[in-house]
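> Build me a model:
(chains A, B, C and D)
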There are 4 protein chains.
Amino acid sequence: MAELEEMRQIMRDFSYSRDWDKFHSPKNLSMALSVEVSELMECFQWMTEEQSSSLSPEQLENISDEIADVQLYLVRLADKVGIDIGSAVDKKIEKNELKYPVDKVKGSSKKYSEYK
Amino acid sequence: MAELEEMRQIMRDFSYSRDWDKFHSPKNLSMALSVEVSELMECFQWMTEEQSSSLSPEQLENISDEIADVQLYLVRLADKVGIDIGSAVDKKIEKNELKYPVDKVKGSSKKYSEYK
Amino acid sequence: MAELEEMRQIMRDFSYSRDWDKFHSPKNLSMALSVEVSELMECFQWMTEEQSSSLSPEQLENISDEIADVQLYLVRLADKVGIDIGSAVDKKIEKNELKYPVDKVKGSSKKYSEYK
Amino acid sequence: MAELEEMRQIMRDFSYSRDWDKFHSPKNLSMALSVEVSELMECFQWMTEEQSSSLSPEQLENISDEIADVQLYLVRLADKVGIDIGSAVDKKIEKNELKYPVDKVKGSSKKYSEYK
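Prediction:
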């Protein structure tokens, strides 16, 4: 559990030292998270699916930064609402196993979206 | 590094056993990630900032599930483009320290958005 | 019906003359639309609700451009899937009247989100 | 100018009669707009680009409703910040003509994103 926990502490210190806590309501952080995800998605918007699987070093560096931004805001938001991401993921994976049973959804995009 | 690495493996197995790899181009995963973030943001959209800081157990359970979905799609996307989230975050934090120097941005929403 | 129709024609000419039709699959346009909406939302993310109601001329000019971008991509997407926005809105308004009956949802944020 | 103007009036009446004006700060409306766009994008997320161009009647009806929701929230947001969408679009189209000169960006996805 060290990894996400470490990010959580870094984000706390980063915000505290800049006096940004006052901006970091969960509502605002959910907006910031959404904006960062869009910057990540923007990298892919005019690519074909194939192109999105063979990226240049320059594209990868850009995407790496955007992925980090998303991760950091997600950690910050979870911290502000008092949710432990590791536990949340554990619970959700269990639900997903029940929601998408292998024998029902296997290989089918139609069923995939129906079950989604 | 165990935590995110573990999620990565779980998502690989989950997708493989359902034959969903064919849907998981980085382009598609960036869209799915964005859709999940919106479901998270939807929880907060009509709340005041104050309300978003004092959530009911029911709201928290809902938000916990949405945070998990975002985390899982982020891990899956990072895996598909070959990016290690931990390293990406380390690099980005260094950049952020330079981009938002404490003495320049401290406490100011105006400066905050200028530096953003 | 002239206004949206006119935008539709302008976007057709704009894309055709730049040979961008090949990028404008409905899937891609939905991504572009989402990215533009995020740029619009970014203008508001660190504001309080009150601040978002009293904007400076500079903020308004920025927001005006983003609103236009969203409108233009929406018109373009609707055109590409063969949907007339005016008719779509007419149908949806009828549905909304049934979905949110005045006497049930009036004034209540709780009911608002329940009915949402 | 009747079409968007008419929607504006309908949304005013709809919100007023439900006493929802108090929820409709520009900040909140930008979030709601973003959530609606994601619901629209969700329709396309697991489709190939080709599939997104040949939709079933059922898919089209769903997409039509989502397009309408986006249009209505955009009209509502523009109204709340005092922006006329028609004029905003006129100004933005002029800027786009300068930003994406035909002879420079024609047909190239590389240049497209550079100019974006």
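
> Tell me the spacing between A:K95 and chain B.
7 Å (C-beta to the nearest C-beta, to the nearest Å). Quick note: C-beta positions are derived from backbone N, CA and C, even for glycine.

> count of neighbours near that residue?
Neighbours of A:K95 under the rule other C-beta atoms under 10 Å in any protein chain shown: 12.

> same deal with the one 10 residues further on?
Look at A:V105: counted by other C-beta under 10 Å, it has 21 neighbours.

> what do you get for A:N62?
So A:N62, with other C-beta under 10 Å, has 16 neighbours.

> Same question for the one 3 residues further on.
Other residues lying near A:D65 total 21 when counted by other C-beta under 10 Å.

> mind showing which ranges of chain A have poor pLDDT?
A:1-2, A:109-116 (pLDDT under 70).

> Show me which residues of it are close to chain C?
A:23, A:28, A:31-32, A:34-35, A:37-39, A:41-42, A:44-46 (C-beta under 8 Å from any C-beta of the partner chain).

> who wins for neighbours among the residues you listed?
A:V37 (33 neighbours).

> Tell me what angle whichever helix or strand it is part of forms with helix C:26-42.
In the assignment (DSSP states H and E), A:V37 maps to helix A:26-42. Relative orientation of helix A:26-42 versus helix C:26-42 (axes from the mean of the first three to the mean of the last three C-alpha atoms, to 10 degrees): 140 degrees.

> After helix A:26-42, which helix or strand is next? Please name it.
Per DSSP H and E, the helix or strand that comes after helix A:26-42 is helix A:57-81.

> and whichever helix or strand comes after that following helix, what other elements does it pack with?
The C-terminal neighbour of helix A:57-81 among helices and strands, as given by DSSP H and E, is helix A:85-99. With contacts taken as 3 or more C-beta pairs under 8 Å, 6 or more residues apart in numbering or on different chains; DSSP states H and E, helix A:85-99 sits against helix A:57-81, helix B:2-17, helix B:57-81.

> could you redo the ones you listed as TSV and give each row distance to C:I67?
Formatted as TSV, the helices and strands packed on helix A:85-99 follow (distance: least, C-beta to C-beta, whole Å):
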stretch	distance to C:I67
helix A:57-81	25
helix B:2-17	38
helix B:57-81	27
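
> Give me the neighbour count for A:L74.
Neighbours around A:L74, by other C-beta under 10 Å: 24.

> got a list of what the residue nearest to A:F44 when sequence neighbours are not counted touches?
With C-beta to C-beta, 6 or more residues apart in numbering or on different chains as the criterion, A:F44 has its nearest non-adjacent residue at 4.3 Å, and that residue is B:K27. Taking C-beta atoms under 8 Å, 6 or more residues apart in numbering or on different chains as the contact definition, B:K27 lies against A:F44, A:M47, A:T48, A:E49, A:Q51, A:S52.

> Okay, the second one and chain B: tell me how far apart.
Distance from A:M47 to chain B, counting by C-beta to the nearest C-beta: 6 Å.

> what about that residue, how many neighbours?
Neighbour tally, A:M47, other C-beta under 10 Å: 22.

> For it, grab phi and psi.
phi -80, psi 150 (degrees, to the nearest 10).

> One more: the third one?
Backbone geometry at A:T48, expressed as degrees, to the nearest 10, gives phi -80, psi 170.

> Please work out how many residues are found near it.
16.

> what's the neighbour count on the closest residue to it other than its chain neighbours?
Spatial nearest neighbour of A:T48, chain neighbours left out: D:E49 (7.1 Å); criterion: C-beta to C-beta, 6+ apart. The local packing of D:E49 (other C-beta under 10 Å) involves 17 other residues.

> residues touching D:E49, list them.
Contacts of D:E49 by C-beta under 8 Å, 6+ apart are A:T48, A:E49, C:S25, C:K27, C:N28.

> between these, which is nearest chain B?
Taking C-beta to the nearest C-beta as the measure, chain B sits nearest to A:E49 out of those, at 3.8 Å.

> Grab the nearest non-local neighbour of A:E42.
A:E42 sits nearest to C:V35 (C-beta to C-beta, 6+ apart), 4.8 Å away.

> Surely that neighbour and A:L40 touch.
No. If you go by C-beta atoms under 8 Å, C:V35 and A:L40 don't touch, sitting 10.0 Å apart.

> one step back: dihedrals phi and psi, the residue nearest to A:T48?
phi -60, psi -40.

> for A:P101, same thing?
According to degrees, to the nearest 10, A:P101 has phi -60, psi 130.

> give me the number of residues near it?
11.

> show me what contacts it?
Taking C-beta under 8 Å, 6+ apart, one finds nothing in contact with A:P101.

> So A:R76 versus A:S30, what's the distance?
Distance, A:R76 to A:S30, by C-beta to C-beta, to the nearest Å: 10 Å.
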